[in-house]
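S.K.: Predicted model and sequence below, questions to follow.
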Amino acid sequence: MPHHPTAPALAAAETIAAISTPGGQGGIGIVRLSGAQAWAVGLALFRPSRPLADSTCPPLRRLLHGHVIDPSGGEPVDEVLCAFFQAPHSYTTEDSVEFQGHGGPAALGRVLELALGQGCRLARPGEFTLRAYLGGRISLDQAEAVAGLIAAQGRTEARLALASLAGGLGERLGPPRQGLLAVAAAAEAAIDFPEDLAELDGPGLAQALDAEVISPLVRLLEERRRGRVFAEGACVVLAGRPNVGKSSLFNALLGRQRAIVHHLAGTTRDALEEPLLLEGLACRLVDTACLGVGAARGACAGLDELGRQAARQRLSQADLSLVVLDGSEPLTTEDQEVLAQAAGRPRLLAVNKSDLDAAWGLEEASLPSGAAALRVSARSGAGLEELVAALKAALTGGQPEPPPGQALANQRQALALERSLAAARQAAGLLGRTGPAVELVSLELGAALAALGEVDGLGAPEEVIEEIFSRFCVGK
Ligand SMILES: Nc1nc2c(ncn2[C@@H]2O[C@H](COP(=O)(O)OP(=O)(O)OP(=O)(O)O)[C@@H](O)[C@H]2O)c(=O)[nH]1
Ligand SMILES: [Mg+2]
């Protein structure tokens, strides 16, 4: 479905250029041009190894071998494969050119510089995708899916982003939008022709809103709640008193020596974050300084407090805290403090150092009830597989992965859906009353429609669009 947002400031007049592959050295590197002048610039910079049959109209969507040359002196800059795309059959829907060169920063930078010298402007983050959206090839939620797919760390995240890219979410907004429009039309008619107001079937319309708008939106939000960690990954924070082996467990879960481990208490000062895949589920694992407020350690008391602050802050944002206890030593008041700080939120207890003699049993009365506890050894690796499985189960609440093809709303979209739902509920409530205030109903329905528009871009305000694309990388 074509989308034509009315955002004049976003209009794509200039021809843009950017390096579309990541920085550094790579097997290949791509410079992309898009806009009305893309072909002219591309043809000025490209010297094909076999002359083109028509020097103004290159073969389309074919990889042509040749060199990028400096048009001022003809000096070759890189040996490339070059592809020309004609509007609207391109990523951006505009005339575009892609140079695939050797992925060295100097050569790529030179190709980009030459393109800028020919009048292109450096593309802003996400501007190629923004143009695909402005050109009506993709909707706003699909554009966000592009960013999601690029950012995806886990297999599941990538699969869900791909489902959104296929337009799964936007499609599901069609029926609620139609439902809102139908009720809005009835309300408008009653406003324009007050003599018909008595005819307005308020309860019937409220019922229609419930069935066609409210229930589907509730379902979408519920799916997001259940599938959120699959789509966005999760944050797991290690917490515990000094020396229980948080950093050792952090390293053991990552499978490499990322954090410093030492027998002296208070080794870790700052929070360290690393990506970790839990059986395909992307998560961020955070190692922290100790949490307990035990004896300040001499001259470093101030530093300790900073570390604790960072730890507390990370813990407050965690999807799950992994409280580490030392099974080889009796539980201390510091352990109890940590347990108290992690209480009331999702948590898992890892009782570490199971390679040593156990000083206490898991059935220990002082452990919080209802929190699963597992014996592990960061040193020997015992129990780690079970810990990974338990982490995944705790994060997903045992829910299965969303079925193939199902697209989930991201956080921004969910907030807009919630606003739409709240307005639709208000409208339904008003319609249910005798002698409904149709003007108010109409306002609420307008708000519900506008919020839906922010999800797929049909009527999204310019600020929303700019904010979304500013989070992209340059070159996409
Ligand atoms: N025997 C045994 N020792 C362990 C195990 N895990 C950690 N240790 C030891 O416990 C000590 C503390 O380990 P760390 O990983 O630095 O502990 P931490 O909780 O990060 O400590 P701080 O950063 O100081 O808060 C080190 O001497 C580790 O070698 C384990 O599973 N078994
Ligand atoms: Mg540590």
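M.R.: Done, it's in. Numbers count the residues shown, from 1 in each chain. Ligands and ions are numbered 1, 2, ... in the order given.
S.K.: Any buried residues in the top helix by length along the chain, and which?
M.R.: Criterion DSSP state H: the longest helix present in the chain is helix 168-192. Residues of helix 168-192 classed as buried by neighbour count (16 or more other C-beta atoms under 10 Å): 168-170, 172-173, 176-177, 179-180, 182-184, 186-187, 190. Using the backbone N, CA and C atoms, a C-beta is placed for each residue, glycine as well.
S.K.: helices or strands up against it?
M.R.: Secondary-structure packing of helix 168-192 (3 or more C-beta pairs under 8 Å, 6 or more residues apart in numbering; DSSP states H and E): helix 140-151, helix 202-209, helix 215-232, helix 411-432, helix 438-456.
S.K.: Name the residues that touch that helix?
M.R.: The contact list for helix 168-192 (C-beta atoms under 8 Å, 6 or more residues apart in numbering) reads 1, 139, 141-142, 196-197, 199-200, 205, 208-209, 211-213, 216-217, 220, 405-409, 413, 420, 424, 427, 431, 438-439, 441-442, 445-446, 448-449, 452, 455-456, 458.
S.K.: got the CA positions of the helix or strand where Leu339 lies in PDB?
M.R.: Per DSSP states H and E: Leu339 is located in helix 333-342. In PDB, the C-alpha atoms belonging to helix 333-342 read as follows (Å, rounded to 0.1, in the frame of the first residue of the first chain):
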ATOM      1  CA  THR A 333      24.100 -10.100  56.200                       C
ATOM      2  CA  GLU A 334      25.500  -8.600  53.000                       C
ATOM      3  CA  ASP A 335      24.000 -11.500  51.100                       C
ATOM      4  CA  GLN A 336      20.700 -10.700  52.700                       C
ATOM      5  CA  GLU A 337      21.000  -7.100  51.700                       C
ATOM      6  CA  VAL A 338      21.600  -8.000  48.100                       C
ATOM      7  CA  LEU A 339      18.600 -10.400  48.200                       C
ATOM      8  CA  ALA A 340      16.500  -7.700  49.700                       C
ATOM      9  CA  GLN A 341      17.500  -5.200  46.900                       C
ATOM     10  CA  ALA A 342      16.700  -7.700  44.200                       C
END
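S.K.: Give me the contact list for it.
M.R.: 239-242, 244, 290-294, 312, 315, 321, 323, 325-326, 349, 366-368.
S.K.: Of those, which are in range of ligand 2?
M.R.: When these are checked against ligand 2 using C-beta under 5 Å from the ion, none falls in range.
S.K.: Can you give me the buried ones in the lengthiest strand in the chain?
M.R.: The strand that spans the most residues within the chain, counting by DSSP state E, is strand 75-85. By neighbour count with 16+ other C-beta under 10 Å, strand 75-85 contains the buried residues 77-78, 80, 82-85.
S.K.: Likewise for stretch 320-335?
M.R.: By neighbour count on 16+ other C-beta under 10 Å, the buried set for stretch 320-335 is 320-329, 331, 334-335.
S.K.: In helices, which of those residues appear?
M.R.: Counted as lying in helices by DSSP H, out of the buried residues of stretch 320-335, are 334-335.
S.K.: now the buried residues of stretch 320-335 as CSV including distance to Ile260?
M.R.: Formatted as CSV, those follow (distance: C-beta to C-beta, whole Å):
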residue, distance to Ile260
Leu320, 24
Ser321, 22
Leu322, 19
Val323, 21
Val324, 16
Leu325, 21
Asp326, 18
Gly327, 22
Ser328, 21
Glu329, 21
Leu331, 25
Glu334, 21
Asp335, 22
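S.K.: Adding pLDDT as columns, could you present the buried residues of stretch 320-335 in TSV?
M.R.: Formatted as TSV, those follow (pLDDT from 0 to 100):
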residue	pLDDT
Leu320	94
Ser321	94
Leu322	96
Val323	95
Val324	96
Leu325	95
Asp326	96
Gly327	95
Ser328	95
Glu329	94
Leu331	92
Glu334	91
Asp335	92
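S.K.: Was I right to think Leu64 contacts Leu43?
M.R.: No. Look at Leu64 against Leu43 with C-beta atoms under 8 Å: they stay out of range, at 10.9 Å.
S.K.: out of these two, which sits in the busier spot?
M.R.: Leu43 (20 against 16; other C-beta atoms under 10 Å).
S.K.: re earlier: quick one: average confidence on the longest helix of the chain?
M.R.: For helix 168-192, the mean pLDDT works out to 91.
S.K.: mind listing what Leu431 touches?
M.R.: Residues in contact with Leu431 (C-beta under 8 Å, 6+ apart) are 183, 202-203, 205-206, 209, 441.
S.K.: Alongside ligand 2, which residues does this structure contribute?
M.R.: So far as C-beta under 5 Å from the ion goes, the chain lies against ligand 2 at 246-247, 267-268.
S.K.: one more time with 8 Å
M.R.: Counting by C-beta under 8 Å from the ion, the chain comes close to ligand 2 at 242-243, 246-248, 250, 259-262, 267-268, 287-290.
S.K.: Next one: the most centrally placed residue in the chain relative to Arg412, how far apart?
M.R.: The centroid of the chain falls nearest to Gly148 when counting by C-alpha atoms, centre = their mean (4.8 Å). Gly148 sits 11 Å away from Arg412, going by C-beta to C-beta, to the nearest Å.
S.K.: which outside residues touch the helix or strand just after the helix holding Leu339?
M.R.: Following helix 333-342 in sequence order, the next helix or strand is strand 347-352 (DSSP H and E). For strand 347-352, contacts defined as C-beta under 8 Å, 6+ apart pick out 244-245, 248-249, 320-327, 339, 362, 367, 371-378, 387, 390-391, 394.
S.K.: redo that, cut-off 7 Å
M.R.: Strand 347-352 has contacts (C-beta atoms under 7 Å, 6 or more residues apart in numbering) with 244-245, 249, 320-327, 362, 367, 371-378, 387, 390-391, 394.
S.K.: Also stretch 85-105?
M.R.: With contact meaning C-beta under 7 Å, 6+ apart, stretch 85-105 is reached by 12, 21, 23-36, 38-39, 42, 60-61, 68, 78, 80-84, 107-108, 111, 128, 131-132, 135-137.
S.K.: picking up where we left off before, buried ones among the contacts of helix 168-192?
M.R.: Among those, those buried by neighbour count (16+ other C-beta under 10 Å) are 139, 141-142, 200, 205, 208-209, 212-213, 216-217, 220, 406-409, 413, 420, 424, 427, 431, 438, 441-442, 445-446, 448-449, 452, 455-456, 458.
S.K.: The residue lying farthest from the centre of the chain and Val97: what is the separation?
M.R.: Computed with C-alpha atoms, centre = their mean, the residue of the chain farthest from its C-alpha average is Glu195, at 50.6 Å. The gap separating Glu195 from Val97 is 63 Å, by C-beta to C-beta.
S.K.: And the residue of the stretch 1-150 of the chain that's closest to ligand 1?
M.R.: For the stretch 1-150 of the chain and ligand 1, the shortest gap (C-beta to the nearest ligand atom) falls at Gly24, measuring 32.4 Å.
S.K.: Surely that residue is within a strand?
M.R.: No. Gly24 is assigned coil when assessed by DSSP: H, G, I helix; E, B strand; the rest coil, not a strand.
S.K.: contacting residues for it?
M.R.: Contact analysis of Gly24 by C-beta under 7 Å, 6+ apart lists Pro105.
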